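Engineer: Quick check, what structure comes out for this input:
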Amino acid sequence: MAFFIIVVIVLADIAVMAQVQNTTDYIFSLFFSKILIFLIMQIILRLAQSIGDGHLNKGYWMILFLCPLFSIIGIHHLTMNPLYRIYPTTFPVISSSLLFINLLVLILCDRILRIQSTQIKNTLLEQQNAYYIHQYLISKNRQEEMSKFQHDFKNILLGLRSQLRSEHETISMKQLDDLLGNINDAVGSCNTGCMIIDSIINYKQKIAHQLKIPVNLDINIPPNLRLDSVAMSIILGNVLDNAIEACKANTASDPYINIYIHYMNESLFLKMVNSYAHKIVTDHHGNIISNKLDKHKHGIGLSSVKKVVEENQGIWDISYEDQIFSVEIVLFEISKELKVQSN
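Structural biologist: Predicted coordinates for the structure are as follows:
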C-alpha cells in the first residue's frame, strides 16, 4: 500500500504538471496536484474498506505490485520518447489513464478481500450453528435417555433384587457394570454449563470418536463466563481441527488429544495437546505452514487464532517436539455473568 500511494502521488503530479510553462503555472499545478491527491486518497478510503484484512493469493499480490511498477516504468519510457515532444498533450492523458487503472486494480483487490471476509464470517456462523445444533441434540438425547431410565428404573431394581435373592450375584454385577458403562461411555461428555465451550468440544469430540481418536478432558470452569462466541469458535475450532487432522495422519503410534481448560483470577487458561507424526514446515518467520493442498478450504488457521488472541489482549505459545504438539493460550479479564436474583 505504501508503494501504491507513492505511485498515485507521482502519477497525479505528472498528470497535472505536464503542461507547466512558467512559475505561475507551476505554483498552480503544485497546489492542484495536492488537492487531486487528497481527493484520490479520500476516494480510496471510502471505496477500499478491507485493506489489511483477508488473504490475497500470490496472483493478486503480483498484480497489485506490478501494475503501479509498470506504470512508473511506462511513464519513464514515455518521457524518453521523441513523440512526447511532438504530442505533449498525450502525457497527462496517459498518466491519468494509468492512475485510473491503478485505482481499479486496488478496488478489485479490495472487493476480493471483502468477499473473503464475508465468506469467513459465514463459515464461522455455520460452524457455530452446527455446534449449537449438535449440543441441542446431545441434550435432547440425554433427556430422552434419562426419561427412559427413570421409567424403567423401578423394573430394573425389581429384576436385580430378584436375582440377588436367588444368589445370582455375578449376573447382577454384570448388569450393573453394563449400566455404568453406558453412562460413562456416552459421546459428548463436556458438560460445564458454558454453552459455547460445551458445544464446540462435544462437536469436535464426536468427530474424533468417529475416527477412533481418544479425547481426554480436564476442564474446570464456571458455567457463567462471559465469552465471545466468535473468538472461542476461531480458537477452539481451529486448534481442535488441526489436532484431529494431525491424529488422522498419525499411524505410527496411538493418537490422542488432551484438552485442559481452567479458570482462575479472571483468566481463562486453555491447553490443547495432541500427537503427530508428520513433518512440521515453517516459513522464515517461524510460522507453521499447512501441508494441505487446498489450504483455503480448511478454516482460517493458526494465524487467525493468533490474531484473535492478540486482539483480546491474550498470550499464546506453540511447542512441538518428541511427536507432541501443544498450544497454550491465556485470555485475561474474563468476567462472570451476574446472576439475577428474584424476590
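
Engineer: the strands in the stretch 151-300 of the chain, which residues?
Structural biologist: Along the stretch 151-300 of the chain, the stretches classed as strands by DSSP state E, counting those that start in this stretch are 215-220, 257-264, 267-275, 281-282, 288-289.

Engineer: Now distance to residue 116 and mean neighbour count too, for these, in a markdown table please.
Structural biologist: No exception for glycine: its C-beta is placed from N, CA and C like everyone else's. Formatted as a markdown table, the strands of the stretch 151-300 of the chain follow (distance: least, C-beta to C-beta, whole Å; neighbours: other C-beta atoms under 10 Å):
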| stretch | distance to residue 116 | mean neighbour count |
| --- | --- | --- |
| strand 215-220 | 31 | 15 |
| strand 257-264 | 29 | 17 |
| strand 267-275 | 26 | 20 |
| strand 281-282 | 24 | 10 |
| strand 288-289 | 19 | 14 |
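
Engineer: So the closest residue in space to residue 198 that isn't next to it in sequence versus residue 223, what's the distance?
Structural biologist: Closest residue in space to residue 198, ignoring its immediate chain neighbours: residue 190 at 5.0 Å, by C-beta to C-beta, 6 or more residues apart in numbering. Distance, residue 190 to residue 223, using C-beta to C-beta, to the nearest Å: 12 Å.

Engineer: Neighbour count: the two, which is higher?
Structural biologist: Neighbour count, other C-beta atoms under 10 Å: between residue 190 and residue 223, residue 190 has more, with 21 against 13.

Engineer: and that one, what does it touch?
Structural biologist: Residue 190 makes contact with 197, 198, 201, 202, 205, 217, 219, according to C-beta atoms under 8 Å, 6 or more residues apart in numbering.

Engineer: Which pLDDT value does the model give it?
Structural biologist: Listed pLDDT for residue 190 reads 82.

Engineer: All further residue positions should be reported with the first residue as 19.
Structural biologist: Shifting the count to begin at 19 puts that one at residue 208.

Engineer: ok, it to residue 350 distance?
Structural biologist: Residue 208 sits 23 Å away from residue 350, going by C-beta to C-beta.

Engineer: For the protein, just list every one of the helices.
Structural biologist: Secondary structure of the chain by DSSP state H: the helices cover 20-35, 41-65, 76-98, 101-104, 108-183, 187-202, 213-228, 247-267, 319-329.

Engineer: Out of these, which is closest to residue 355?
Structural biologist: helix 213-228 (11.5 Å; C-beta to C-beta).

Engineer: Chain neighbours aside, what residue packs nearest to residue 62?
Structural biologist: Once flanking residues are discounted, residue 62 sits nearest to residue 124: 6.6 Å by C-beta to C-beta, 6+ apart.

Engineer: surely that neighbour meets residue 22?
Structural biologist: Yes - here residue 124 lies in contact with residue 22, judged by C-beta atoms under 8 Å, at a distance of 6.5 Å.

Engineer: Now do the shared contacts for these two.
Structural biologist: Shared contacts of residue 124 and residue 22, defined by C-beta under 8 Å, 6+ apart, comprise residue 82.

Engineer: dump the residue contacts of residue 324.
Structural biologist: Residues near residue 324 by C-beta under 8 Å, 6+ apart: residue 334.

Engineer: 10 Å - rerun?
Structural biologist: Applying C-beta atoms under 10 Å, 6 or more residues apart in numbering, we find residue 324 in contact with 253, 305, 332, 334, 336, 347.

Engineer: Restricted to buried residues, select those residues in ChimeraX.
Structural biologist: Applied in ChimeraX, the following selects the buried portion of these according to 16 or more other C-beta atoms under 10 Å:
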select :253,332,334,336,347
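
Engineer: Closest one to residue 288 out of the contacts of residue 324, please.
Structural biologist: Of all the contacts of residue 324, residue 347 has the smallest distance to residue 288: 4.4 Å, by C-beta to C-beta.
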